[in-house]
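> sequence first, then the predicted structure:
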Amino acid sequence: MEAVIAVVALLFVLFLVIGAYAAVKAIGAAKRAADRTITQARRTVEDTTLRAKTFAQPGVVGELAQLRLKLRTSMRATQDALRAGVAEDPSLHESLALFERLSAHGHELDDDLKRLESEPDRVALSQRLPALRERTEQITKAADSLRWAARDRAHKFADDDLDLLRSQIDMEAGALRHWATEPTEGRPADSWSIPSGPSTQSNQSAQSAASTPSTPSPSADRPSPATAEGAQGGASGGSAPREPERPAITPPGPQPTYPWEKKAKPESTA
């Protein structure tokens, strides 16, 4: 009884552990989904705000917003392209690692531009703007170079695959059309297209005669009446009677008689 209680308790504890693990995993997945949704919503709001600033606030503040928008758009597009391509092309892992290093510089620059938006000294901000513009250009060019290189690599593989497929299709089409280029002379005759002629008919009759086994006819092996009489005369006139020759085919036996048939009357000797 104690063993049964221990087994039941162990199963209960096991079910509790499995349930807790499943609950933690479900909560973690829901939290990650919520974080992604919140992050995307925040990005959308920030991008919309930056676009509005580029039109609503001309001057240094508007140019800073334009630089941030350009930087964020380029970095996000490169990140999406590399993460999507690394699943099909493992050689992009190194490119993705380089982008992660570049992304650190991009985040640092974005934070600097965001802080300078609230800078009250517009003169000092105007003096620092060319350096910020050059730095933004360098980062965006590097990100664009990685993105376009990954896309060109994917397109090159797709073009090579398409060329190979087209060559295989051309070879198959040529093989299918091979019947149109075959010469009509020298082809082996089909089994159903045998030409008819005197020589063919004579050959067929000769082949049929050769294939038919020779069967002795009964009339040829059975002795004629004259031959039988001569044999009987020689036997009666000679000293030793000669045994008659046996026919090659056994002669038919006597016909059966039935009781309802009339008996033949004997002929009178008178």
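Received it, and whenever you're ready, just let me know what you need.
> thought Ala77 was touching Arg147?
Yes - Ala77 is within contact range of Arg147, at 6.1 Å (criterion: Cβ atoms under 8 Å). C-beta: built from backbone N, CA, C; applies to glycine.
> and the two? which has more neighbours close in?
Arg147 (21 against 13; other Cβ atoms under 10 Å).
> which residue, other than its chain neighbours, is closest to the more buried one?
Spatial nearest neighbour of Arg147, excluding adjacent residues (Cβ to Cβ, 6 or more residues apart in numbering): Thr78 at 4.2 Å.
> number of residues surrounding the one you found?
Thr78: 25 neighbours (other Cβ under 10 Å).
> can you pull the phi/psi pair for it?
Dihedral angles of Thr78 (phi, psi; degrees, to the nearest 10) stand at phi -70, psi -40.
> can you pull the contacts of it?
Neighbour list for Thr78: Phe99, Ala143, Asp144, Leu146, Arg147 [criterion: Cβ atoms under 8 Å, 6 or more residues apart in numbering].
> how far away is it from Glu119?
To Glu119, Thr78 is 29 Å away according to Cβ to Cβ, to the nearest Å.
> ok, back up a step: any chance of the contacts of Thr78 in TSV, with distance to Val60, secondary structure and pLDDT too?
Output for these, formatted as TSV (distance: Cβ to Cβ, whole Å; DSSP: H, G, I helix; E, B strand; the rest coil; pLDDT from 0 to 100):
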residue	distance to Val60	secondary structure	pLDDT
Phe99	30	helix	92
Ala143	24	helix	93
Asp144	25	helix	93
Leu146	30	helix	91
Arg147	29	helix	92
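> report the two of those separated the most.
The span of the contacts of Thr78, defined through Cβ to Cβ, is set by Phe99 and Asp144 at 11.4 Å.
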